[in-house]
Each structure stands twice: as structure tokens, then as C-alpha cells.
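S.K.: following is a predicted model, sequence given first.
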Amino acid sequence: DIVLTQSPVLAVSLGQRATISCRASQSVSISSINLMHWYQQKPGQQPKLLIYRASNLASGIPARFSGSGSGTDFTLTIDPVQADDIAAYYCQQSRESPFTFGSGTKLEIK
Amino acid sequence: QVTLKESGPGILQPSQTLSLTCTFSGFSLSTYGMGVGWIRQPSGKGLEWLANIWWDDDKYYNPSLKNRLTISKDTSNNQAFLKITNVDTADTATYYCARIDGVPSFDYWGQGVMVTVSS
């Protein structure tokens, strides 16, 4: 199985940049296609797709969210952070089955 | 628009079989490249992928639970199903179904259904 590793907590100040990382135990890329996706989950809600294939913004997601990376190292950036961004963020790979999720990073406000 | 909604028993006893239904609209599971996945989340914990079923009836399971899981679909009624046999307290969680697009990613999610296993 591909294991995805995330830091559990990230604290940032409002208006600053948040950088959330996800490291895969093996490559999740096929040629130039990076099969890593990011989800946001607010308390009491279902997850929401933010970024697909590492760097593509999902429909309706604000442009202050962006994604980058390839191979085994990926990053979700939120710039600038707003109060509404307080949530857990999960990476997920679809390179191979089982479709694993990272353990999630909780974004907190300093 | 795309919507999904899960339904289940709410509470069941250890050793019973959990049967979940995902009723969806706005897409068809007979469309090339489409799929539905099941994901669960124990309270306060992370997301665990369980199983996927695809438009061509291809199925994939989480190997850690594979012997207990069965995923199926009813294309004409826009439903997908998941059965988990021999449940125990560790299966207590919120269960989500989600559409799988051609990316493939889980692009639309249901609101989730809470399931409690308790004697």
C-alpha cells in the first residue's frame, strides 16, 4: 500500500501563507500525471475536493488555494489564510488501489 | 447537479452484517469512467477508504477488510451498496459514499451516515 504522511497540526496567522505537505512512500505519478488530490473537511461536514492531480483547482474553489508537487512530495498552499479555512486537510492518492488517504493536517489559527 | 445520500441502520450489534445504501442523482454508473467509492471515518479520526465500484462493474477493496466487504450497484435505480460482515465496535464510524470521476478523485460526497456497533 502507498502510505501518505502528513504533519498533524499547522498553526498560522490570519492573512499569512499556510503550506501543508504530504509525502508518499512511493511515487504516485504516471508519466507527467500526478495522481494526488487534496480535500478539506470542516467540523461536522463531509470532505470537499479542493485540488485534483496535484495542481488543478476543483470547481468553485477560491484561487487562494493551490497545489504543487510530483513523484512523492506534494504541497497544498493557502495564501492568504482566512478564518473560514479552519479545517482538516487530507491528501489522497489514486495511483493504485487501495486508494489511501493521509492522516490529515489540522489548520489552526495562531 | 450531482448529489449522493447514504442510508443505513444507525445501530447494530457485534457480529451482525452492516448494509449501506448510496442513492445518487446527476450522473449514471453506466457512464464510461464513472465510479462510486465508500469511505469511513471514526469520530475524531481520519478517513479510511473501503471500496470502489466502477461503471464496468470492476471492484476494488481495502485489503485490510477485504474478506468482510462486498460492494455492488443497481444502475437502473442509481444506487450503490456496501455490506460489511461480522461487525464489531471498531466499525463504529460515519460512512460516506462519493462519486469517482475520470481523474480519478472523489469529486462529490454524500453527507455521511453514522453507524454505531454496540451490544
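M.R.: Perfect, I can see it now.
S.K.: what about residue 29, how many residues nearby?
M.R.: No chain specified, so I'll use chain A. 19 (other Cβ atoms under 10 Å in any protein chain shown). C-betas here are computed from N, CA, C, even on glycine.
S.K.: other chain: chain B
M.R.: 22.
S.K.: what's the answer for residue B:50, then?
M.R.: Should you count by other Cβ under 10 Å, residue B:50 turns out to have 26 residues around it.
S.K.: those strands in chain A, which residues are they?
M.R.: A:4-5, A:9-12, A:18-24, A:29-30, A:33-34, A:36-41, A:48-52, A:56-57, A:65-70, A:73-78, A:88-93, A:105-109 (DSSP state E).
S.K.: what lies in contact with the fourth one?
M.R.: What it means is strand A:29-30. Identification of contacts with strand A:29-30 by Cβ atoms under 8 Å, 6 or more residues apart in numbering or on different chains yields A:35, A:70-71, A:95.
S.K.: please indicate which of these are buried?
M.R.: A:35, A:95 (16 or more other Cβ atoms under 10 Å in any protein chain shown).
S.K.: adding distance to residue B:44 and mean pLDDT, write the strands of chain A out as JSON lines.
M.R.: Formatted as JSON lines, the strands of chain A follow (distance: least, Cβ to Cβ, whole Å; pLDDT from 0 to 100):
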{"stretch": "strand A:4-5", "distance to residue B:44": "19", "mean pLDDT": "98"}
{"stretch": "strand A:9-12", "distance to residue B:44": "14", "mean pLDDT": "97"}
{"stretch": "strand A:18-24", "distance to residue B:44": "19", "mean pLDDT": "98"}
{"stretch": "strand A:29-30", "distance to residue B:44": "32", "mean pLDDT": "95"}
{"stretch": "strand A:33-34", "distance to residue B:44": "30", "mean pLDDT": "96"}
{"stretch": "strand A:36-41", "distance to residue B:44": "12", "mean pLDDT": "98"}
{"stretch": "strand A:48-52", "distance to residue B:44": "19", "mean pLDDT": "98"}
{"stretch": "strand A:56-57", "distance to residue B:44": "29", "mean pLDDT": "98"}
{"stretch": "strand A:65-70", "distance to residue B:44": "25", "mean pLDDT": "98"}
{"stretch": "strand A:73-78", "distance to residue B:44": "22", "mean pLDDT": "98"}
{"stretch": "strand A:88-93", "distance to residue B:44": "10", "mean pLDDT": "98"}
{"stretch": "strand A:105-109", "distance to residue B:44": "11", "mean pLDDT": "97"}
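S.K.: host element of the residue nearest the centre of chain B?
M.R.: Closest to where the C-alpha atoms of chain B average out (Cα atoms, centre = their mean) is residue B:38, at 2.9 Å. In this assignment (DSSP states H and E), residue B:38 forms part of strand B:35-41.
S.K.: angle of that strand against strand A:36-41?
M.R.: 50 degrees (axes from the mean of the first three to the mean of the last three Cα atoms, to 10 degrees).
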